[in-house]
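1. What follows is a predicted structure for the sequence shown.
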Amino acid sequence: MPSIFTRIIQGEIPGRFVWRDETAVAWIDIRPLTPGHTLVVPILEIDRWTDLPENIASYCMGVAHKIAKAQLAVWPVPRAGLMIAGFEVPHVHLHVFPTDGMHNFDFRTANANAAASDLDTDMHKLRAALREQGHGTHVPD
């Protein structure tokens, strides 16, 4: 049975995509740790990041780097956080989020009631920043 992330990638479940190419996708997390929290997900469905082929793991890290630079252009914070937890969904994914401290790395503080309009706004801001930084070919309309 496909993971929920595979179902999102295939369009069975909606997602607020900010990046899509033949290897990886990225979308706004519906339970954000901070505004702009984005998941970078390889299209290849693999549960543990240590089982991901190194070239795909490296590629996903490159996408995460681009997402983080765009986040830092949008949100006035000192850093972009990066986390691979691997327990929520059995499909590798990197959490990339604007942060001003370690308190943002606690999933217990995630906003389970994020307004759809806020998530949409974050998606549009991040898409615009990615386009401004020269990544428009990978940014969905």
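-> Sure, I can see it.
2. residue ranges of the strands in the protein, please?
-> With strands called from DSSP state E, the chain shows them at 17-20, 24-28, 38-42, 79-83, 94-99.
3. For the residue nearest to the spatial centre of the chain, name its beta-bridge partners.
-> When the chain is reduced to its mean C-alpha position, the closest residue under Cα atoms, centre = their mean turns out to be Leu39, at 2.0 Å. Taking DSSP bridges, one obtains Trp27, His95 as the residues bridged to Leu39.
4. ok, it - contacts?
-> Taking Cβ atoms under 8 Å, 6 or more residues apart in numbering as the definition of contact, the neighbours of Leu39 are 5, 26-29, 93-96. Glycine gets a C-beta too; all of them are placed from N, C-alpha and C.
5. just to revisit the earlier point, nearest to Gly136, of the strands of the chain?
-> Taking Cβ to Cβ as the measure, the strands of the chain were each checked against Gly136, and strand 17-20 came out nearest at 10.8 Å.
6. Tabulate the strands of the chain in JSON lines, adding columns for distance to Asn111.
-> Compiled in JSON lines, these are given as follows (distance: least, Cβ to Cβ, whole Å):
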{"stretch": "strand 17-20", "distance to Asn111": "18"}
{"stretch": "strand 24-28", "distance to Asn111": "12"}
{"stretch": "strand 38-42", "distance to Asn111": "14"}
{"stretch": "strand 79-83", "distance to Asn111": "15"}
{"stretch": "strand 94-99", "distance to Asn111": "11"}
